[in-house]
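>>> Could you look at this predicted model? Sequence included:
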Amino acid sequence: GAVVSQHPSWVICKSGTSVKIECRSLDFQATTMFWYRQFPKQSLMLMATSNEGSKATYEQGVEKDKFLINHASLTLSTLTVTSAHPEDSSFYICSARDMGRGTGELFFGEGSRLTVL
Amino acid sequence: DAKTTQPPSMDCAEGRAANLPCNHSTISGNEYVYWYRQIHSQGPQYIIHGLKNNETNEMASLIITEDRKSSTLILPHATLRDTAVYYCIVRGTGTASKLTFGTGTRLQVTL
């Protein structure tokens, strides 16, 4: 099946620093990617929709200046958590839509676990 | 996107069929039913999807009622590796159509 890869799979950083997470579609092109975050024992919460060549669309309550999204190519989207704080510690997951398949199934990356000290 | 309702948890004995129900009474005509599962600390895995006909693949079967207001995911022979949270989601097929996750069903497969 289609493969979506995230990097890094886990990262620990100090409070106040910025962290970049990459999401790549390995065997298909994705004009649209989605970023989610997940806290322990909770469901995935959609943060934003990443659009290749245009600005990301953020969900209500998600700070666009805090979570910078760049979709520079058809196979890469990046999420940068700026000035990270302990409350930003979470599991961040990206997904990409393979429009070459039927109804455009979404495939998910392995997730990136961020711990802010 | 339509909202779904799933039981919070279910148990199933290994080797038996696991039947996971989902209610989506507000589904609209152009929305598909998707099933994903998430094993602990991993990204969600696509299982199956359908519009109105029953579907089967190598992982599972999806049974959608005639009025499309509910569906059932069937794992024919559950194994311990099938222990996960299973999410039932309905969404349209537009490029910007999002997957909105509910709370899912935590399936525990036991010996």
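Received, thanks. Residues are numbered from 1 along each chain as shown, chains lettered A, B, ... in the order given.
>>> how about the nearest residue to the residue of chain B found nearest chain A, chain neighbours excluded?
Nearest residue of chain B to chain A (CB to the nearest CB) works out as residue B:43 at 3.7 Å. Every residue, glycine included, has its C-beta placed from N, CA and C. Among residues not flanking residue B:43 along the chain, residue A:108 sits closest, at 3.7 Å (CB to CB, 6 or more residues apart in numbering or on different chains).
>>> Over to residue A:30?
Once flanking residues are discounted, residue A:30 sits nearest to residue A:96: 3.8 Å by CB to CB, 6+ apart.
>>> Also residue B:61?
residue B:74 (4.4 Å).
>>> Which residues are in contact with the residue located most distally from the centre of chain B?
Residue farthest from the centre of chain B, counting by CA atoms, centre = their mean, is residue B:111 at 22.7 Å. Contact analysis of residue B:111 by CB atoms under 8 Å, 6 or more residues apart in numbering or on different chains lists B:13, B:14, B:80.
>>> Give me every residue in chain B lying close to chain A.
Taking CB under 8 Å from any CB of the partner chain as the contact definition, chain B meets chain A at B:32, B:34, B:36, B:38, B:41-46, B:49, B:87, B:93, B:95-96, B:98-104.
>>> let's see 6 Å
Chain B has residues B:43, B:44, B:46, B:93, B:95, B:98, B:99, B:101, B:103 near chain A, with proximity defined as CB under 6 Å from any CB of the partner chain.
>>> Check those and tell me the two furthest apart.
Using CB to CB, the residues of chain B next to chain A span at most 26.9 Å, a distance reached by B:95 and B:103.
>>> So which residues of chain B form strands?
Using DSSP state E, the strands of chain B run over residues B:9-13, B:18-23, B:32-38, B:45-50, B:55-56, B:61-64, B:70-75, B:84-91, B:105-110.
>>> gap between the fourth one and the chain center?
Its chain's C-alpha centre lies 7 Å from the corresponding centre of strand B:45-50 when counted by CA atoms, centre = their mean, to the nearest Å.
>>> So which elements touch that strand?
In terms of contacts (3 or more CB pairs under 6 Å, 6 or more residues apart in numbering or on different chains; DSSP states H and E), strand B:45-50 is packed against strand B:32-38, strand B:61-64.
>>> Does the last one pack against any helices or strands, and if so which?
Contact analysis of strand B:61-64 by 3+ CB pairs under 6 Å, 6+ apart lists strand B:45-50, strand B:70-75 as its packing neighbours.
>>> nearest to residue A:42, of the residues of chain B next to chain A?
Among the residues of chain B next to chain A, residue B:103 lies closest to residue A:42 (CB to CB), at 8.3 Å.
>>> Do I have it right that the closest one meets residue A:43?
Yes. Using CB atoms under 6 Å, residue B:103 is in contact with residue A:43, at 5.3 Å.
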